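Peer 1: Give me a 3D structure for the following:
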Amino acid sequence: MALSNWPIIGPIAASLRRGRGPRTPFIWNPGRIGPRFNWLDYTHIGVLEGPLAGRELELTTEILETKANAYVSFDGKQIGRTFVERDPPGKGICLWDIAVKESFRRKGIASIMTYCIFRELLALQETAFFKIRMMRLMKPCDRNVELQNVGIGVIGNRLGFTPEFDIDKLLRPDNITGLEVLPPKGDFPPSFKVVIRTFPLVLIAFVLDQDTLKPVDDFQTYVKLMKDERVIYNWVRRGLIVIGNGNYWLNSQGLDRLVNHLAADEFEAQVFRRRVKGCEAFLPLGRKLRDSFRRRPTFVPIPAGRTY
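Peer 2: Got it, this is the predicted structure:
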């Protein structure tokens, strides 16, 4: 048996390979997670497209040892905030809350804040792994259940995050015991309440348009999907249904998608890619060793004047 296949050596060798950075070739394919904007100076941006085109916004960030925040103001009044935990400090980047004033929702504010705070943290940290915390447990009998975390869910989907839950397994037709369409409320789209046999018992999900990757507002789309649970399962596998009450993480498969959406150019993308690690690289060594035995067979803001 090769030395690298030994149960203790294998996990250590894999960890060292990850430490040298990704091995697969990188393809620069830039994307955006929100509206284009210009940096007017180091705290003000001018939005170039979308519902807020032509508006000037104040954007500030706060970077501390264990947390980082971004704030957006319009006409001197705060209209949005984003909270990030740095856990462990200097390595982990966990997005856990985005709040936008109701009249400014679904206009790109959440995407702009996330883009800027992620870039700034990547500019500061030599190593980074990303998570999104949206876990909220509910009971099947709970009433007045509402969809939450729409903005974070859409952003995570665009940046290549994947659910911590095994969604393929949870949303198998034979694991679903109840399915209900929740009506839209305020600026939030309709959603599904899915009751399942296994933990976490209830999932709240919303549908993305396959062309725009924006939430679908048409209630009838949900009604049609509800008629065949196999169609829902298929849409989940295509990444068109987002779970709004579960955690997400960035694994190595989503790494290129993240850096292509955050970097301003190919050189910066290469720098970010060397710094970002998939979350699996930070699993405790003890779990890696345990699993190996079980498997044994034989940012800095873009300077003023530049456009994102």
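Peer 1: What helix or strand is the closest residue to Pro30 other than its chain neighbours located in?
Peer 2: With Cβ to Cβ, 6 or more residues apart in numbering as the criterion, Pro30 has its nearest non-adjacent residue at 5.6 Å, and that residue is Asn260. For every residue, glycine as well, the C-beta is placed using N, CA and C. Following DSSP states H and E, one finds Asn260 within helix 255-262.
Peer 1: Are there helices or strands packed against that helix, and which ones?
Peer 2: Packing partners of helix 255-262 (3 or more Cβ pairs under 8 Å, 6 or more residues apart in numbering; DSSP states H and E): helix 109-124, helix 150-159, helix 266-275.
Peer 1: now the angle between helix 255-262 and the last one, please.
Peer 2: Angle between the axes of helix 266-275 and helix 255-262 is 140 degrees (criterion: axes from the mean of the first three to the mean of the last three Cα atoms, to 10 degrees).
Peer 1: which residues sit against the helix holding Asn260?
Peer 2: Contacts of helix 255-262 from elsewhere in the structure, counted by Cβ atoms under 8 Å, 6 or more residues apart in numbering, are 22, 26-33, 115, 118-119, 122, 130, 158-160, 250, 269, 272-273, 276-278.
Peer 1: Over to stretch 108-116?
Peer 2: Contacts of stretch 108-116 (Cβ under 8 Å, 6+ apart): 33-35, 37, 45, 47, 50-52, 57, 59, 61, 70-72, 79-82, 95, 98, 100, 151-152, 155, 261-262, 299, 301, 308.
Peer 1: Give me the neighbour count for Leu64.
Peer 2: Counted with other Cβ atoms under 10 Å, residues neighbouring Leu64 total 9.
Peer 1: do the same with Asn149
Peer 2: The burial count for Asn149: 26, using other Cβ under 10 Å.
Peer 1: Now do the same contact list for it.
Peer 2: Met134, Gly244, Asn245.
Peer 1: re earlier: now the helices and strands packed on helix 255-262 in JSON lines, with distance to Pro183, mean neighbour count and mean pLDDT?
Peer 2: Converted to JSON lines, the helices and strands packed on helix 255-262 look like this (distance: least, Cβ to Cβ, whole Å; neighbours: other Cβ atoms under 10 Å; pLDDT from 0 to 100):
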{"stretch": "helix 109-124", "distance to Pro183": "23", "mean neighbour count": "23", "mean pLDDT": "93"}
{"stretch": "helix 150-159", "distance to Pro183": "14", "mean neighbour count": "23", "mean pLDDT": "86"}
{"stretch": "helix 266-275", "distance to Pro183": "41", "mean neighbour count": "16", "mean pLDDT": "92"}
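Peer 1: Quick one: closest of the ones you listed to Trp235.
Peer 2: Closest approach to Trp235 among the helices and strands packed on helix 255-262 is made by helix 150-159 (12.4 Å; Cβ to Cβ).
Peer 1: who does Pro215 bridge with?
Peer 2: Taking DSSP bridges, one obtains Leu208 as the residues bridged to Pro215.
Peer 1: how close does it get to Ile241?
Peer 2: Noted for Pro215: a distance of 11 Å to Ile241, by Cβ to Cβ, to the nearest Å.
Peer 1: Overlap of the contact sets of the two?
Peer 2: With Cβ under 8 Å, 6+ apart as the test, Pro215 and Ile241 both reach Phe206, Val207, Leu208.
Peer 1: who are the neighbours in contact with the first one?
Peer 2: Yep, that's Phe206 we're talking about. So Phe206 contacts Leu147, Val150, Gly153, Pro189, Pro190, Ser191, Phe192, Pro215, Val216, Ile241, Val242, Gly244 (Cβ under 8 Å, 6+ apart).
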